[in-house]
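In: Sequence below, structure please.
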Amino acid sequence: MSVAANLSSSDYQFFSDVLKEKSGLVLGLNKVYLLESRLAPLCKSLGFKDLSQLAYEMRFSADKASIIKKVCCLMTTNESLFFRDKAPFEHFQKHILKYFHEARSDSKKLRIWSAACSTGQEAYSIAMCLEESDLNWKGWDIQIFGTDICDAVLERAREGSFSSMEVARGLPDYLLSKYFDKGEGNYWLAKDVLKKYLNFKIFNLLDRFLYSDFDIIFLRNVLIYFDKDDKEKVLDKVYRHSAGDSVLFLGAAESTFSIYNKWTPIQGVGTAIFEKEKLKV
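Out: All right, here's what the predicted structure looks like:
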């Protein structure tokens with residue numbers, strides 16, 4: 001029997017409300033199939049007969065906070081691949097890094113944020129762009145912060161371990177051989193030359209921001225899951241906690257138009273990049 005067979009409309013609404021409050025995810029109508037496909041393994045592992053029991057335990061169990069956290073983690077789309085869409089990373093490496101190399105030449109300090117980073121492919125792609133650029137980063141203090149709401153995916157990101165299938169999705173062979181070692185089985189391990197930049201931490205975009213003064217923010221393919229109010233809140237918080245000349249990368253299908261007008265799109269770059277002030281890049 002399907003774990004969603006006895007799911008009532010009130011329980012469905014409860015799942016929707018929890019996901020919206022805790023992760024920003026808007027479940028929408030008639031997505032029972034999504035709940036079932038994502039949460040059936042959790043029901044099985046916890047010994048719950050169906051989603052109705054899972055909803056009950058999320059309401060009343062002494063362990064409800066832990067269960068809700070697991071639900072939010074499983075329902076969050078953890079789709080990630082190396083150099084996704086190519087164009088953003090090409091512009092980042094060729095132009096954005098050049099600007100900040102000059103603009104931060106005195107402090108030699110650069111802060112980059114990969115938000116909702118999942119298993120880390122985006123953050124590692126950023127690190128490879130730094131290494132592959134023709135700029136001299138010797139003596140620089142560079143940190144790439146990767147954040148996500150899910151502990152499990154962050155642990156994988158810290159390990160820097162990727163399957164052969166994962167590295168085949170967007171990672172050129174020459175970069176694979178240069179920056180990864182072959183591990184056991186069909187896994188590849190990121191080298192320390194990349195890991196030295198990376199710092200992965202759990203963080204929810206809807207919570208109070210703990211960090212500030214980011215120079216470059218990758219917030220790609222995240223806002224599409226939020227409603228307009230939460231999109232505006234996140235864009236505003238990112239704006240207020242970033243440097244005066246910061247740059248924001250969104251996903252190809254995302255925009256700030258009619259949502260938050262303080263981020264200005266950079267024209268003619270073939271991808272969704274926004275700036276606080278006019279940059280000469």
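In: so who does the residue nearest to residue 251 when sequence neighbours are not counted touch?
Out: Of all residues not flanking residue 251 in the chain, residue 221 sits nearest, at 3.7 Å (Cβ to Cβ, 6 or more residues apart in numbering). Bear in mind the C-beta positions are built from the backbone N, C-alpha and C, glycine included. The contact partners of residue 221, by Cβ atoms under 8 Å, 6 or more residues apart in numbering, come to 79, 84, 116, 251, 253, 254.
In: and stretch 238-258, which residues are buried?
Out: Of all the residues in stretch 238-258, those buried under the rule 16 or more other Cβ atoms under 10 Å are 238-239, 241-243, 246-251, 254-256.
In: One more: stretch 39-51?
Out: 39, 40, 42, 43, 48, 50, 51.
In: Pipe those residues into TSV and attach distance to residue 190 and secondary structure per row.
Out: Formatted as TSV, the buried residues of stretch 39-51 follow (distance: Cβ to Cβ, whole Å; DSSP: H, G, I helix; E, B strand; the rest coil):
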residue	distance to residue 190	secondary structure
39	31	helix
40	32	helix
42	29	helix
43	34	helix
48	37	coil
50	40	coil
51	37	helix
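In: average pLDDT across stretch 189-202?
Out: Averaged across stretch 189-202, pLDDT comes to 97.
In: which residues touch it?
Out: By Cβ under 8 Å, 6+ apart, stretch 189-202 touches 117, 120, 123-124, 126-128, 130-131, 142-151, 154, 157-162, 179-183.
In: so how far is the first residue of it from its last?
Out: 22 Å (Cα to Cα, to the nearest Å).
In: One more: stretch 211-223?
Out: Stretch 211-223 has an end-to-end distance of 20 Å (Cα to Cα).
In: next one: stretch 164-176
Out: 10 Å.
In: What residues sit buried inside that stretch?
Out: Buried residues in stretch 164-176, defined by neighbour count with 16+ other Cβ under 10 Å: 166, 167, 170, 171, 175, 176.
In: cool, stretch 144-151 as well?
Out: Neighbour count says stretch 144-151 has 144, 145, 146, 147, 148, 149, 150 buried, by 16+ other Cβ under 10 Å.
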